[in-house]
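Undergrad: Sequence first, then the predicted structure:
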Amino acid sequence: MTELRIGLDVGTTAIKVAAYTPQGRCVATSARVNKVSRPARGHAEQDMETIWTLTADCLRELSEKCEGASFSALGVCAQGDGLWLMDEDGTPCANAMLWSDTRASADLETLMEKGATGAVGLGCHTDLWPGTSAMLWRWLRRNRPDITARASAAFTCADWIGYRLTGEVATDFSNASIPLIDFDKRSYGKRQIDLLECSDLGDILAHPKQAADKLGTVSPEAALKTGLPEGLPVSVGTLDLAAMIVGMGLDQPGQTMMILGTTAVVNILTDHVAPTETPVGASALHPTSQAIIRILAPQPARPHSTGSLRFTRRVLAANQPTRSRANSMHWSKACRRAPMA
């Protein structure tokens, strides 16, 4: 019997899972809509337990659709950056703070004026933004010290799902890249941590591994929740953008791809980035090779809602002549099928 492989993508907008044959033929899918909470201006959050429940529901539905089949492995990717915190009992400390959260904007401006962000540019070749782990940690430590005091692990969405599936904690190099990895050393950079005053965060960051590594196996508890077989191997979770690049077979300098989804993202692979304290865009380590992914990703006004495509569809549909409306509708349907970041 052919053993199917499972791919899981826990995105900001939706959670998607699919089962594939070794030849790459998709045999079953499942999906759930994700919601972003905005309790105050600039805040963008998701409930970590809800994310796990929706993910488990997807996996259970998929396993039911594949009844009688066997599985060989589960690969995980998810939205990146933000701040996902867990206490020593494995319980979320609070809602996850997302990559699109801007509550730390004023603090970031202060750090830039002091010249404290230059080390990030030199270390991981990224123009720091408010929705990164260090900036959100600084905000949380100042405004909710009770939460940071309980935290024993800090990671990303993919790592949280990996933990719930296996009971193991790790992150991959693409997810760990921003803002505290020193690309030259391929480890967390002391200078970046010190200048951002995040030594307490550095102490609880998940250890980075290659995405091709095995994180662990599906635990008995997770098997009961998801319908997956206990002991199924699970990969170290990776950044969704990086997973797309691997899936397209891109691992060599000079290769380029573009995503049209939650935002428009241009990605260029390279083997060298000239160090500067003020880089343009962001960078992430390739999850399975030595390449560096250069990322240019402008954020739309509502980044959690696939706003770019929806806005464009509305504008085109409203302004097309009646005789061209059919073409506009066909284009709109194509947009809905476009891959999302």
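TA: Received it, and whenever you're ready, just let me know what you need.

Undergrad: Which parts of the protein belong to which domain?
TA: Structural domains of the chain, as assigned by automatic domain parsing, span the residue ranges 3-251, 306-336.

Undergrad: Quick one: closest of those to Leu269.
TA: Across the domains of the chain, Leu269 has its closest neighbour in domain 3-251 (6.1 Å, C-beta to C-beta). Bear in mind the C-beta positions are built from the backbone N, C-alpha and C, glycine included.

Undergrad: what's the span of that closest one from first residue to last?
TA: Start and end residues of domain 3-251 are separated by 27 Å (C-alpha to C-alpha, to the nearest Å).

Undergrad: Let me see the mean pLDDT of that domain.
TA: Domain 3-251 carries an average pLDDT of 96.

Undergrad: how far out from the middle of the chain is it?
TA: 5 Å (C-alpha atoms, centre = their mean, to the nearest Å).

Undergrad: Next, format the domains of the chain as CSV and append mean neighbour count.
TA: Output for the domains of the chain, formatted as CSV (neighbours: other C-beta atoms under 10 Å):
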stretch, mean neighbour count
domain 3-251, 19
domain 306-336, 13
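
Undergrad: Any chance of those in CSV with distance to Gln290 as columns?
TA: Output for the domains of the chain, formatted as CSV (distance: least, C-beta to C-beta, whole Å):
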stretch, distance to Gln290
domain 3-251, 9
domain 306-336, 32
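
Undergrad: So which of those domains is nearest Asn267?
TA: domain 3-251 (6.4 Å).

Undergrad: right, so of the domains of the chain, which gets closest to Pro287?
TA: Evaluated over these, closeness to Pro287 peaks at domain 3-251, with 3.5 Å, by C-beta to C-beta.

Undergrad: what is Ala14 paired to in the beta sheet?
TA: Val33 (DSSP bridges).

Undergrad: so it touches Lys35, yeah?
TA: No: between Ala14 and Lys35 there is no contact under C-beta atoms under 8 Å: 10.1 Å.

Undergrad: separation between Thr171 and Thr29?
TA: Here Thr171 is placed at a distance of 26 Å from Thr29 (C-beta to C-beta, to the nearest Å).

Undergrad: hmm, I was thinking of Leu54
TA: Where Thr29 is concerned, Leu54 sits at a distance of 15 Å (C-beta to C-beta).

Undergrad: cool, and Thr278?
TA: Per C-beta to C-beta, Thr278 is found 43 Å from Thr29.

Undergrad: residue boundaries of the strands in the stretch 101-250 of the chain?
TA: Residue ranges of the strands in the stretch 101-250 of the chain, as given by DSSP state E, counting those that start in this stretch, are 153-155, 171-172, 181-182, 187-188, 208-209, 214-217, 233-235, 238-239.

Undergrad: Sheet partners, orientation included, of the last one?
TA: According to DSSP bridges, strand 238-239 has the following sheet partners: strand 70-78 (parallel).

Undergrad: related to what we said a few turns ago, out of the strands of the stretch 101-250 of the chain, nearest to Val246?
TA: strand 238-239 (7.6 Å).

Undergrad: contacting residues around the closest one?
TA: 76-78, 80, 156, 158, 172, 174-175, 177, 211, 246, 284, 287 (C-beta atoms under 8 Å, 6 or more residues apart in numbering).

Undergrad: Any chance of TSV for the residues you listed, columns distance to Arg138?
TA: Output for the contacts of strand 238-239, formatted as TSV (distance: C-beta to C-beta, whole Å):
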residue	distance to Arg138
Val76	28
Cys77	27
Ala78	23
Gly80	19
Thr156	17
Ala158	23
Asp172	24
Ser174	23
Asn175	20
Ser177	19
Ala211	28
Val246	32
Ala284	22
Pro287	27
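
Undergrad: Can you name every helix or strand that the helix or strand containing Ala31 contacts?
TA: Under the criterion of DSSP states H and E, Ala31 resides in strand 26-33. Other helices and strands packing on strand 26-33, by 3 or more C-beta pairs under 8 Å, 6 or more residues apart in numbering; DSSP states H and E, are strand 14-20, helix 48-65.

Undergrad: Output that strand as CSV, restricted to C-alpha atoms.
TA: Extracted C-alpha coordinates of strand 26-33, given in CSV (Å, rounded to 0.1, in the frame of the first residue of the first chain):
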residue,chain,number,x,y,z
CYS,A,26,-2.8,15.3,-4.0
VAL,A,27,-5.5,12.8,-2.8
ALA,A,28,-7.3,14.7,0.0
THR,A,29,-7.4,18.2,1.6
SER,A,30,-9.0,20.0,4.5
ALA,A,31,-9.1,23.6,5.7
ARG,A,32,-10.4,25.9,8.4
VAL,A,33,-10.7,29.7,8.5
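
Undergrad: Thanks a lot, see you next time.
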